[in-house]
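Undergrad: can you look at this prediction? I've put the sequence above it.
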Amino acid sequence: MNREEVKEQAERVLRELAEHLGEIELEETYNVIQVEGLREDAAPEVDPEFVEAALSIAPRRDERYYVAEAGAWV
Amino acid sequence: MKVRIGFEIHEQLATRTKLFCTSPADYRDAEPNTNVCEICLGMPGAKPMGVNAEAVEGAVAIALMLNCEIVQEPVYILRKHYDYPDLPSGYQRTSMPIGRNGELAGVGIWEVHLEEDPGKYDPVTGKVDYNRSGVPLVEIVTAPDITSPEEARAFMRELVKVLQYSRRVRREGGTMRVDVNVSIEDGARVEIKNINSIRGLYRALKFEITRQKNLRRRGKAVRRETRAYIEEQMITRSMRTKETAEDYRYIPDPDLPPLRITPELVERIRRELPEAPHQKLARFVEQYRISRDDAWAITSEPEMADAFEQVCTQVEPARAAAFFRHIIKKTLNYHNLSFAESGIRVEDIVQVLRAISEGRLSQQAGELVMRRVVEGERAAEVLREMSRVDEQSLVSAVEQAIHQNPGAVEDYRRGKQEAINYLVGQVMRITKGRADAARALELLRERLS
Amino acid sequence: MAAEFVLEHSPEEHLARCLDRIEREDGRINAFIELNPRASEEVREAPHGRLRGMVVGVKSNINVRGLRATCASRTLENYVSPYDAVVVERLRREGAVVVGMTNMDEFACGSSGETSFFGPTRNPVAEDRIPGGSSSGSAAAVAAGFADAALGSDTGGSIRNPASHCGVVGVKPTYGLVPRHGLIDLAMSLDQIGPITRDVRTAALLLEVIAGRSREASMLNASPEPYSQRLTPDLSGVRVGFAREFEEFTAPEILGVVKRSLRRLEAQGAEVVEVELPSLEKALPTYYLIVFVEFFSATRRYDGRRYGHRIEEVCGAEVLRRILLGSYISQKEYAGRYYRRALQFRSLIRRELLEALEKVDVLAGPTTPKLPHRLGEELSPLEMYAYDLLTVPANLAGIPAGVVPAGRAGGIPVGLQVHAKPLQEQLMLNVMLAAEGRE
Ligand SMILES: [Zn+2]
């Protein structure tokens, strides 16, 4: 399936879903749980093994730097 | 033509860990990309930890010092989506306002909120360093109440002072970033990004206002756009226009519950709030009976104001104030350093002031001592060295000691080594202790050999 | 009752048998994307914990250090995980061994197991059928005896749907009970990790190991409970709700199996009560609109810079469709019409479910409205979405829901789905145990 077909199908999907939904007047639910989201600032941690493993999978790098180009998505 | 200027100011908060993870918030001495974990690298599957409470308190404290109301309702943390190599998740987390409707030096403060810093990207080499990614930032948004580059500069100096006084922001310097909005009359609003010093701010505004006025004079409309300040050339350059403006597709981050800033927390922070610069200034005038100008100079930095108060427990305030305002400030300006960076200690100041008041040191010499302190020496050593007699006087003191103590000279010549110590003691007596004993010994040995 | 995993053979021998079966049969089933080359070593070094020797498959959207978490997508084909998900750490600490990464729908976008970049998975119980999804490989691996258990993730039924189709047990816990750190997102406000096993007791044991507070922000402050020790099939005084809307949307052959299962619950002392869920039909569009937006947000990091491929350039049609729709409906201009409206309906559905659960202790009913289709049969997106009608409400409300084999319809397994109030996993598991009909 090419991108255009996917797009067309997506539009149909959206139309049908939205029609099905109908109108409503209620508060939005962003979180289903109510918790205290704070954390005490404490001594920092670093895992050197993780640091090396993370860098090692970078597709492009220059020594310790990731290398990337600016651009835009979609 | 009426100019309207508003700011968005970003400054790093001085926490130990980052905003959503336990990686170190201080990355200054770290090798590139070592100060990271899966969370601040935005790796697939990583989830934020709870928000760093210290950062939240910092933002509340700063909002209070800027006379804001603290928001009562839940503060959602939003995802602001945009695409840039320094943003490892493709979105930046930014809180809804924590404080609103404040005021500083006659300029309205629209809001204060929290954000995470992105990494560092160098567009020339393409190199990305994520050490900074996730460091907590406070963002302050002002009303467009400023009308000239000069006013802008004065306001920013005042704001920087308040931030320093809050003791919640990084003091290493160089971390502040400012975006500026400028419009003329009722023309389009132009945003300038990438400004990171007060001098840069002043120059960018000078350039931009001239540019907009020239456009108008030629009958052309100013476009609504975002421009970048190019530091090296002191100009601004177009980044994107309104037509291509980004839609950040803000959504509350589903991984983070909203913050609830309780009245109890606000009250506690308010109670513990440090004195604001203007309050300290007024108190100094009152308590130490010094002039407003002296107090203004001394309170330009919280660390300097603290040092002044400590000095005043040992030295008469009027003299201390004059020394701070004229000698210390001048020395710092000369070296382009802040008091906090200078390494000056309270004892250095006290010793120099004592030496001056006892007539051992001139005002000019005092300035010289402070310069050497800033360069890394301690005042006590410098004073000791400066008070020493010069070589010529030392030689004549040695001659005098030899002349007045023929017995000791005789003893030494006969091989009684201790006798020379007696002669050194005599040189010290003659010079009132201001001789370098080692040099005196050397000279005596030469002379008697 | 023992709260430990019991083996007939030594852990080494047991692992060898599982690996042998995988080698013989997985070429056909395609439950695994990658096997753990260190499994034999790890089983020797495994600590003597509650899961000592348990062979576990892990869905390919959960990070296991050193293995690829591909999400069954070309996008992450080279992503070797540098860290363990919290749940994986917890499994290892109790002596379980990760045997491999299981197949799934690409980025968990699908309900059939057919959208994987690594090819579809077969249903081991009915090999011409789909296994369901998106945790297709996890359910198939457990059903085929490749592993004792598997971890799946459930955003709108991705554990329960394949569990039902493959005739195994699957649990989606209360939102916030099991740490998600290490689970690659489909929709963050809905995703939960949960166990897939061959019996309720093992599911209970696995759940008590992986549940409980961690350092991530969106977690309930709940301590793990010893579910497996407290399991009982005695349902005296338990009120089981059955919504009349279930009947409206479900195929008769499935309803038949489910109703027989309800009678088994009654035999164990439960009272079956009819309840109403009038907004059930709104659950599907609500769910999908939220998923599109959250999934769009979650996929922004796959920009090609750090994992090799830009997602839009290499993903399959369903993933691309969701990204395009998410991008479209989260625009400032349209968010009110779609995304925020869906969040309002979420409030309505959640309220209705919680109100229904005020009247009864659990809700029991079918898992999917229809039986799994034949592999390769073409379905439109909306036909595919329709599989999720009965599973998405639990995710929208954040409540726990589990599936237990209830019987077969035309030789194809059918699972009974049990919903409970938030954090009532124990009661839910007890009801599942009673339905399981084992002694
Ligand atoms: Zn980190």
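TA: That came in fine, so what should we check first?

Undergrad: where exactly do the strands run in the chain?
TA: With no chain named, the answer covers chain A. With strands called from DSSP state E, chain A shows them at A:38-39, A:61-62, A:65-67.

Undergrad: the chain in question should be chain C.
TA: C:32-35, C:55-59, C:97-102, C:149-154, C:169-172, C:192-197, C:239-243, C:271-275, C:362-366, C:401-409, C:412-420.

Undergrad: can you tell me which of these is most buried?
TA: Of these, the one with the most neighbours on average (mean count of other Cβ atoms under 10 Å in any protein chain shown) is strand C:169-172, at a mean of 32. C-beta: built from backbone N, CA, C; applies to glycine.

Undergrad: who are the packing partners of that one?
TA: In this structure, strand C:169-172 makes packing contacts with strand C:149-154, helix C:160-166, strand C:192-197, helix C:200-210, strand C:401-409, helix C:425-436, judged by 3 or more Cβ pairs under 8 Å, 6 or more residues apart in numbering or on different chains; DSSP states H and E.

Undergrad: any idea how far that strand is from the middle of the chain?
TA: 6 Å (Cα atoms, centre = their mean, to the nearest Å).

Undergrad: now do the contacts for the closest residue to chain C within the stretch 301-449 of chain B.
TA: Going by Cβ to the nearest Cβ, chain C is nearest to residue B:302 of the stretch 301-449 of chain B, at 33.2 Å. Contact analysis of residue B:302 by Cβ atoms under 8 Å, 6 or more residues apart in numbering or on different chains lists B:164, B:165, B:167, B:274, B:277, B:280.

Undergrad: who's in contact with the fourth one?
TA: Contacts for residue B:274 (Cβ under 8 Å, 6+ apart) come out as B:65, B:165, B:166, B:167, B:302.

Undergrad: can you flag the buried ones in those residues?
TA: B:65, B:165, B:166, B:302 (16 or more other Cβ atoms under 10 Å in any protein chain shown).

Undergrad: residue B:216 reaches residue B:222, doesn't it?
TA: Yes - in this structure residue B:216 lies within contact range of residue B:222 using Cβ atoms under 8 Å: 7.0 Å.

Undergrad: what do these two both touch?
TA: B:184, B:187.

Undergrad: first-to-last residue distance for stretch C:218-236?
TA: Terminal residues of stretch C:218-236 are spaced 35 Å apart (Cα to Cα, to the nearest Å).

Undergrad: next one: stretch B:115-124
TA: 26 Å.

Undergrad: ok now that stretch, how far from the chain's centre?
TA: 22 Å.

Undergrad: that stretch near chain C at all?
TA: No - Stretch B:115-124 lies out of reach of chain C by Cβ under 8 Å from any Cβ of the partner chain, never closer than 10.4 Å.

Undergrad: what's the single longest helix in the chain?
TA: Here I'm looking at chain A. Assignment by DSSP state H gives helix A:3-21 as the longest helix of chain A.

Undergrad: let me rephrase: I mean chain C.
TA: From DSSP H, the single longest helix across chain C is helix C:339-359.

Undergrad: how about that one: buried residues?
TA: Buried, per 16+ other Cβ under 10 Å, within helix C:339-359: C:339-350, C:352-353, C:356-357.

Undergrad: pretty sure residue B:105 sits against residue B:155.
TA: Yes - if you go by Cβ under 8 Å, residue B:105 and residue B:155 touch, sitting 5.7 Å apart.

Undergrad: neighbour-wise, which of these two wins?
TA: Shown here are residue B:105 and residue B:155; by other Cβ atoms under 10 Å in any protein chain shown, residue B:155 has more neighbours (21 against 14).

Undergrad: quick check, that one in a helix?
TA: Yes - when DSSP: H, G, I helix; E, B strand; the rest coil is applied, residue B:155 is found to be in a helix.

Undergrad: residue contacts, it?
TA: B:7, B:104, B:105, B:107, B:142, B:146.

Undergrad: now residue B:139: phi and psi?
TA: The phi/psi pair for residue B:139 (degrees, to the nearest 10) reads phi -110, psi 130.

Undergrad: beta-bridge partners for it, please?
TA: residue B:10, residue B:113 (DSSP bridges).

Undergrad: now stretch C:19-34: buried residues?
TA: C:19, C:22, C:25, C:26, C:29, C:30, C:31, C:32, C:33, C:34.

Undergrad: so who does the first one touch?
TA: With Cβ under 8 Å, 6+ apart as the criterion, the residues that contact residue C:19 are C:35, C:39, C:99.

Undergrad: export the residues you listed to TSV and tack on pLDDT and distance to residue C:272?
TA: Converted to TSV, those look like this (pLDDT from 0 to 100; distance: Cβ to Cβ, whole Å):
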residue	pLDDT	distance to residue C:272
C:35	98	44
C:39	98	45
C:99	98	40
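
Undergrad: neighbours around the closest residue to residue C:86 other than its chain neighbours, how many?
TA: Nearest non-adjacent residue to residue C:86, counting by Cβ to Cβ, 6 or more residues apart in numbering or on different chains: residue C:179, 3.8 Å away. Neighbour count of residue C:179, defined by other Cβ under 10 Å: 24.

Undergrad: do the same with residue C:397
TA: Residue C:397, neighbours per other Cβ under 10 Å, totals 27.

Undergrad: got it, and residue B:444?
TA: Neighbours around residue B:444, by other Cβ under 10 Å: 22.

Undergrad: quick one: the strands in the stretch 251-400 of chain B?
TA: Ranges of strands within the stretch 251-400 of chain B are B:251-252, based on DSSP state E, counting those that start in this stretch.

Undergrad: is it true that residue C:191 touches residue C:152?
TA: No - assessed by Cβ under 8 Å, residue C:191 is found out of contact with residue C:152, at 10.8 Å.

Undergrad: help me confirm that residue B:102 is found in a strand?
TA: Yes - applying three-state DSSP, one finds residue B:102 inside a strand.

Undergrad: related to what we said a few turns ago, looking at the buried residues of stretch C:19-34, which are in helices?
TA: Filtering the buried residues of stretch C:19-34 for helices - DSSP H - leaves C:19, C:22, C:25, C:26, C:29.

Undergrad: mind checking which of the strands of chain C is nearest residue B:309?
TA: strand C:192-197 (56.8 Å; Cβ to Cβ).

Undergrad: okay, now the sheet partners of that closest one, with direction.
TA: Per DSSP bridges, strand C:192-197 is paired in its sheet with strand C:149-154 (antiparallel), strand C:169-172 (antiparallel).

Undergrad: tell me the confidence at the closest residue to residue C:127 other than its chain neighbours?
TA: With Cβ to Cβ, 6+ apart as the criterion, residue C:127 has its nearest non-adjacent residue at 7.5 Å, and that residue is residue C:28. pLDDT, residue C:28: 97.

Undergrad: now do residue C:337
TA: The model's pLDDT for residue C:337 equals 89.

Undergrad: next up, the contacts around it.
TA: Residue C:337 makes contacts with A:18, C:329, as judged by Cβ under 8 Å, 6+ apart.
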